[in-house]
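Visitor: Return a 3D structure for these sequence lines:
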Amino acid sequence: MAEEKPMTVVTCTAPVNIAVIKYWGKRDEELILPINSSLSVTLHQDQLKTTTTAAVSRDFKEDRLWLNGKEDDIAHPRLQSCLREIRRLARKRHAGNGSGNGDALPLSLTYKVHIASENNFPTAAGLASSAAGYACLVYTLAKLYGVEGELSVVARQGSGSACRSIFGGFVQWIMGERADGKDSVAQQVAPETHWPELRVLILVVSADKKSVGSTAGMQTSVKTSLLLKHRAEAVVPERMAQMIRYIQQRDFEAFAELTMKDSNQFHATCLDTFPPIFYLNDISKQVIGLVHRFNAHYGKTKVSYTFDAGPNAVLFALEDTVGELVEVVKHSFPPDGNGGQFLKGLPVEGASLSDELLTVVVRDPAPGAIQYLLHTKPGPGPMTVEDAGGHLLGADGLPRSSC
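Guide: Sure, this is the predicted structure:
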């Protein structure tokens, strides 16, 4: 067998995804099996991503984890589930190789692992940080240990929505029926190149950690909300089929309307939970009103909103609408200061607004209520970072100072 390196390092990135048919509620907490299927749009990593470096070395004394530069608890049950499963698959692959090939065991599975991960966006603020984080963790560990195959099943055990971040473009998470969860997998519906005109505008209302975490919120909803039960059994199956059709046909108006309706119903189930859960705040509601007034002005659905378990709005529009939409948002939520960092991400062409549009759409401006706008588009799934300069861990296996 070839001599093993003192340390083997892999760095990968993974994207955020935003559900347009929402996942809320589990039938199995440990395996993270959902009570309904869901569908999402993977956002481009140029604007939103998690970067993870994983390294193994004969010199490491214990498994260790750093999140955004600070050491964290690697004993977290969900993280351990992912790590344990990847190591199991690696041992299985080695045992099944049986070829005597020198590359059969490129690194020792007895070595400890060091993991460093960082987001280029706020963590736990309702921007799907856990989805990108666990997808990146699983993808990176799979590359490190030479594991191939169905990674969405492993990522799902870290965070349910993470299974969708294993793919780019438009992705469905099939709920599955088996008790062992082997058929609860993510599948790409269409690649990111399928709908080149589609744009996404994230309005960051709050970067604070949300008051009720998704896991706790789901558990309470499953126990107490009759609307959630009705949604999972009677509403979502038809909506999944409709949404896949609208995406395949690039029917923006139908896609946008169903996206808004599903977001509204998700938050209605939170309100139907006892005690009720409020993820939307007053600014979120103002954004909803703005979108409906904008669409009413044009007599067609040109913009849609969706909200995950947090107050931040995610707006969908076609490329030719974005300039005007950004100006409307700026007038409705004037940025603090000079606004130099108010708009981030993809460039936006300026647009002039008619007096009629301003009069109809802009109501009760709320200065400073929106922290910033992030303009992005659908993007690819996880990727390997080939440049060693992108590693978050140094030659000593510890975080670099920039981490």
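Visitor: in the stretch 1-150 of the chain, which spans are helices?
Guide: 77-97, 129-145 (DSSP state H, counting those that start in this stretch).
Visitor: next one: the stretch 201-350 of the chain
Guide: Going by DSSP H, counting those that start in this stretch, the stretch 201-350 of the chain shows helices at 214-224, 226-230, 236-249, 252-272, 282-298, 319-332.
Visitor: between the ones you listed, which gets nearest to residue 134?
Guide: Proximity to residue 134 (CB to CB) singles out helix 214-224 among these, at 12.7 Å. All C-beta spots, glycine's among them, are computed from the backbone N, C-alpha and C.
Visitor: Extract the C-alpha trace of that closest one and format it as PDB.
Guide: The C-alpha coordinates for helix 214-224 follow below in PDB (Å, rounded to 0.1, in the frame of the first residue of the first chain):
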ATOM      1  CA  SER A 214     -37.000  25.400  13.000                       C
ATOM      2  CA  THR A 215     -36.600  22.100  14.800                       C
ATOM      3  CA  ALA A 216     -38.600  23.100  17.800                       C
ATOM      4  CA  GLY A 217     -41.200  24.900  15.700                       C
ATOM      5  CA  MET A 218     -41.800  21.900  13.500                       C
ATOM      6  CA  GLN A 219     -42.200  19.600  16.500                       C
ATOM      7  CA  THR A 220     -44.900  21.900  18.000                       C
ATOM      8  CA  SER A 221     -46.700  22.300  14.700                       C
ATOM      9  CA  VAL A 222     -46.800  18.500  14.000                       C
ATOM     10  CA  LYS A 223     -48.400  18.000  17.500                       C
ATOM     11  CA  THR A 224     -50.900  20.800  17.400                       C
END
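Visitor: quick check: angle from that helix to helix 77-97?
Guide: 100 degrees (axes from the mean of the first three to the mean of the last three CA atoms, to 10 degrees).
Visitor: roughly how far is helix 214-224 from the heart of the chain?
Guide: Centroid separation between helix 214-224 and its chain, computed with CA atoms, centre = their mean, to the nearest Å, is 20 Å.
Visitor: cool, stretch 8-15 as well?
Guide: The answer for stretch 8-15 is 17 Å, by CA atoms, centre = their mean.
Visitor: OK, contacts around residue 86?
Guide: By CB atoms under 8 Å, 6 or more residues apart in numbering, the residues touching residue 86 are 138, 141-142, 145, 147, 154.
Visitor: Spatially nearest residue to it, not counting backbone neighbours?
Guide: residue 141 (4.4 Å; CB to CB, 6 or more residues apart in numbering).
Visitor: pLDDT wise, what is the one you found at?
Guide: The confidence metric pLDDT takes the value 97 at residue 141.
Visitor: Do I have it right that it meets residue 81?
Guide: No - between residue 141 and residue 81 there is no contact under CB atoms under 8 Å: 11.8 Å.
Visitor: More neighbours: these two, which one.
Guide: Per other CB atoms under 10 Å, whichever of residue 141 and residue 81 has more neighbours is residue 141, with 26 against 18.
Visitor: Next up, the contacts around that one.
Guide: Residue 141 sits in contact with 54, 82-83, 86, 113, 115, 147, where contact means CB under 8 Å, 6+ apart.
Visitor: Also residue 276?
Guide: Residue 276 neighbours (CB under 8 Å, 6+ apart): residue 270.
Visitor: before we move on, what about the one 10 residues further on?
Guide: Residue 286 sits next to 332-333, 363-364, 366, 369 when contact means CB under 8 Å, 6+ apart.
Visitor: And those, which is closest to residue 216?
Guide: Of the contacts of residue 286, the one sitting nearest to residue 216 (CB to CB) turns out to be residue 369, at 27.1 Å.
Visitor: Could you tell me how many residues sit around that closest one?
Guide: Counted with other CB under 10 Å, residue 369 comes out at 19.
Visitor: Contacts only, for it.
Guide: Per CB under 8 Å, 6+ apart, neighbours of residue 369: 205, 283, 286, 333.
Visitor: Make CSV out of these and add pLDDT and distance to residue 244.
Guide: As requested, these are exported to CSV (pLDDT from 0 to 100; distance: CB to CB, whole Å):
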residue, pLDDT, distance to residue 244
205, 87, 30
283, 95, 32
286, 97, 32
333, 96, 34
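Visitor: mind giving me CSV with those residues and columns for distance to residue 304?
Guide: Formatted as CSV, the contacts of residue 369 follow (distance: CB to CB, whole Å):
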residue, distance to residue 304
205, 17
283, 18
286, 16
333, 18
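Visitor: Closest one of these to residue 354?
Guide: residue 333 (19.5 Å).
Visitor: From residue 334, how far off is the nearest residue to that closest one once chain neighbours are set aside?
Guide: Once flanking residues are discounted, residue 333 sits nearest to residue 370: 3.9 Å by CB to CB, 6+ apart. As for residue 370, its distance to residue 334 is 9 Å (criterion: CB to CB, to the nearest Å).
Visitor: higher neighbour count, the two?
Guide: residue 370 (24 against 15).
Visitor: Isn't the more buried one up against residue 329?
Guide: Yes - counting by CB under 8 Å, residue 370 does reach residue 329; the two are 6.8 Å apart.
Visitor: list the buried ones in stretch 153-166?
Guide: 153-166 (16 or more other CB atoms under 10 Å).
Visitor: how deep is residue 302 tucked in, by neighbour count?
Guide: Around residue 302 there are 20 residues (other CB under 10 Å).
Visitor: what does residue 241 give?
Guide: Neighbour number of residue 241 under other CB under 10 Å is 11.
Visitor: again, but for residue 354
Guide: 10.
Visitor: Residue 362 versus that one, what's the distance?
Guide: Noted for residue 354: a distance of 12 Å to residue 362, by CB to CB.
Visitor: and if you look at residue 205?
Guide: Residue 205 is 17 Å from residue 362, by CB to CB.
Visitor: So what angle separates the directions of the worst-scoring helix or strand of the chain on mean pLDDT and helix 129-145?
Guide: Scoring the helices and strands of the chain by mean pLDDT, DSSP states H and E places helix 77-97 at the bottom, with a mean of 90. Using the same axes, to 10 degrees, the inter-axis angle of helix 77-97 relative to helix 129-145 is 30 degrees.
Visitor: Much appreciated, bye for now.
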